[in-house]
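Engineer: predicted model and sequence below, questions to follow.
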Amino acid sequence: MDFNLPELIELESIIQEGQPYLEARSVCEIELKGHHFPIYVLSIGSKNPEAPAVGFFGGVHGLERIGTRVLLAFLHSLLARLKWDAVLHHQLASVRLIFMPLVNPAGMWDSTRSNPRGVDLMRNAPINSSEKVFFLLGGQRISSHLPWYRGASNMPMEAEAQALCNVVQQELLSRPFSIALDCHSGFGLKDRIWFPYACSRTPMRHLPQVLALKDLFNQTYREHDYLFEAQNCQYLTHGDLWDYLYLQVSASSDRVFLPLTLEMGSWLWVKENPRQLFSRLGMFNPKSPGRLHRVLRSHLVWLDFLTRAAGAHQYWVPGNPERPEQHEARHE
């Protein structure tokens, strides 16, 4: 049986190519049919624990390979630029980037949304929606043979979900300012940037900061096609990992953590090529090489923008005492 996973092979090649700039480690291994799939974390940039950071995550759902592909393309771009781009070196001196491009490698190899134990990792956190959710879609504990299975209520989080949470807690939540971007596909005809909550229709505490980031992007790239919205505008779920992590820091801390989801609109790809409906992978990933390349290119601007925005957050975050206009107001 061939256990080769192209995305994992490419990621390990990037790790080798990225020396000495990239730091990489395996945070756990997942076993499937006697084969072990490592889950890697890569980091680059400032080692100052107070520096702002951006975490990039992909491959949480094994069927959605395009999220991993987008992050691999971004890593290739960063490594190529590090060979000549002095501005990038200067930027990375003040911001830290964290990558988990392939959170669910065994699920991706097996072409399933869930992990090998049948658990949907984005329904696996120990948090329940405060309001009614859609049957099944909102997360269910009936059976791992049905979609959106949360796992048994008396069991710990799945190893892949716990690994992601550990990385976020260690690398992002400990900092004064951080952003997380989780790359998914499969919803709608537009590319969306989702922010919390999935568990409630209550506005998140850091909504002004998210809206300021949205305005900053709109002003910088006026022709973009992203739709910014709270996930609860579409549906509510139990067990959302990003709600779980955000609530750990938002209620009792001055730290700012903005978890975002890039939800790529795969219905557009299906609309352009209806034959993709007959393939599980085709419903979540662009099939033609030309479309794949266009998708990979189109999101590099957004990922690069987040690294720059995090590094300069003091200039745009509302109420930040370091903002130039805040200083001016105090001296008037």
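Structural biologist: Structure received. Numbering: from 1, shown residues only.
Engineer: for the stretch 201-332 of the chain, what spans make up the strands?
Structural biologist: 227-230, 256-264 (DSSP state E, counting those that start in this stretch).
Engineer: which residues are in contact with residue 157?
Structural biologist: Residue 157 makes contact with 124-126, 151, 165, according to Cβ atoms under 8 Å, 6 or more residues apart in numbering. All C-beta spots, glycine's among them, are computed from the backbone N, C-alpha and C.
Engineer: apply 10 Å and report the result again.
Structural biologist: With contacts defined as Cβ atoms under 10 Å, 6 or more residues apart in numbering, residue 157 is in contact with 119, 121, 124-126, 151, 163-165, 239, 241, 244.
Engineer: what do you get for residue 255?
Structural biologist: Contacts for residue 255 (Cβ under 10 Å, 6+ apart) come out as 172-178, 206, 249.
Engineer: neighbour-wise, which of those leads?
Structural biologist: Most neighbours among the contacts of residue 255, by other Cβ atoms under 10 Å: residue 178, with 26 neighbours.
Engineer: follow-up on the earlier one: among the contacts of residue 255, which lie within helices?
Structural biologist: For those, the ones inside helices are residue 249, with DSSP state H as the criterion.
Engineer: format the contacts of residue 255 as TSV; extra columns: distance to residue 59.
Structural biologist: Shown next, in TSV, are these (distance: Cβ to Cβ, whole Å):
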residue	distance to residue 59
172	18
173	21
174	24
175	24
176	29
177	26
178	20
206	26
249	24
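Engineer: nearest to residue 232 among the contacts of residue 255?
Structural biologist: Checking the contacts of residue 255 against residue 232 by Cβ to Cβ gives residue 206 as the nearest, at 15.0 Å.
Engineer: does that closest one touch residue 318 like I think?
Structural biologist: Yes - at 9.5 Å, residue 206 counts as touching residue 318 under the criterion of Cβ atoms under 10 Å.
Engineer: residue ranges with poor pLDDT in the protein?
Structural biologist: Screening the chain residue by residue with the criterion pLDDT under 70, one finds the ranges 1-3, 321-332.
Engineer: as a check, name the ranges of all helices in it.
Structural biologist: Ranges of helices within the chain are 6-17, 65-82, 86-92, 105-109, 159-171, 207-220, 241-250, 266-272, 289-311, 324-331, based on DSSP H.
Engineer: let me know which of the ones you listed is tucked in deepest.
Structural biologist: The highest average neighbour count among the helices of the chain, using mean count of other Cβ atoms under 10 Å, belongs to helix 105-109 at a mean of 26.
Engineer: what's the first-to-last distance across stretch 100-116?
Structural biologist: Using Cα to Cα, to the nearest Å, the span of stretch 100-116 from its first residue to its last is 19 Å.
Engineer: do the same with stretch 48-60
Structural biologist: Across its full length, stretch 48-60 reaches 28 Å between end residues, using Cα to Cα.
Engineer: distance of the residue nearest to the spatial centre of the chain relative to residue 109?
Structural biologist: Centroid-nearest residue in the chain, with Cα atoms, centre = their mean: residue 182, separated by 1.2 Å. As for residue 182, its distance to residue 109 is 20 Å (criterion: Cβ to Cβ, to the nearest Å).
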